[in-house]
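In: Sequence and predicted structure are below.
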Amino acid sequence: MAIKNEKKDIRPLVLQNGIFVAGHPRSGTSLVCQLTESAGVHFLSNLKPDKYNKEGYFEMSSAKELEKRLIDEAMTNENIVELNRIVKTLNEVKGLSGLKIVHIPSIFYYSHISKNIRAIFVFRNPADVKSSMLRRGISQFKLTWFENNNALVSAYENIEKSIILSYESIIEGKPFVKKAFKNLGFNVDMSVIKRESQTQKKSKVVLTDDEKRLYDLLKKIEKHSCK
């Protein structure tokens, strides 16, 4: 009689206190990580600073790769193994640990296993985002600006302890930015913001009507989020 070799399902670990910074690439995620770190949150990272992000990227390459696989494959056993490795690392950090997300739909997988999730979502004028990415020689990303930021809206709607901020408001040091962070329990140091580090502003790159409409919606949500 043949013995069937069945693969046992692997259970995901619980993330005890997840702090997430999420946004499309070149939208100010690293700057938001800097602000969040000034409030005592530690972001694990193995990517070194460069001329595009002089203060660092605040992200783990393995977590970034897992984001893409979660979107494509969902919670396979292999992906749960990698997810558990990342969650275990975050849980072992003394104090508060943070994770940066650039493939925004993947945050939902973390939200399902998080005991106490808090999220800071950041968006930026899509023309400046596209121009900044092209400056780096990146013409395409796995998710378009529209797809990623549409997911951002949904994530904000479904994660109770979350805020949405624009890169423009942050770089200008708007007073409500600090207040929004306080709403999540973080007292950030606004002096870490360096306006001279802004590389793209008021780009004339052509946008679609959908991108314009979503950008206007995000600005309206930001006002509500920061009350």
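Out: Received it, and whenever you're ready, just let me know what you need. Note that the structure is a prediction, hence the values are computed from the model and not measured.
In: Report the secondary structure element holding Lys94.
Out: Of the helices and strands defined by DSSP states H and E, none includes Lys94.
In: how much space between it and Asn17?
Out: 12 Å (CB to CB, to the nearest Å). Where you see a C-beta, it was placed from the backbone N, CA and C, and this is true even at glycine.
In: swap in Ser169?
Out: Note on Ser169: its distance to Asn17, by CB to CB, is 26 Å.
In: And these two? Which one has more around it.
Out: Ser169 (20 against 17; other CB atoms under 10 Å).
In: so the more buried one sits right up against Phe176, yeah?
Out: Yes - assessed by CB atoms under 8 Å, Ser169 is found in contact with Phe176 at 7.2 Å.
In: where does this structure dip in pLDDT?
Out: By pLDDT under 70, the low-scoring segments of the chain are 1-8, 197-198.
In: Report the central residue of it.
Out: Of all residues in the chain, the one closest to the mean position by CA atoms, centre = their mean is Ala22, 1.4 Å from it.
In: give me phi/psi at it?
Out: When read as degrees, to the nearest 10, the backbone of Ala22 gives phi -130, psi 140.
In: Check Lys100 too.
Out: phi -90, psi 140.
In: give me every residue that touches it.
Out: Residues near Lys100 by CB atoms under 8 Å, 6 or more residues apart in numbering: Phe20, Val21, Ala22, Thr29, Ser30, Cys33, Phe43, Tyr57, Phe58, Glu59, Ala63.
In: one more time with 6 Å, if that's ok
Out: The neighbours of Lys100, taking CB atoms under 6 Å, 6 or more residues apart in numbering as the test, are Val21, Thr29, Cys33, Phe58, Glu59.
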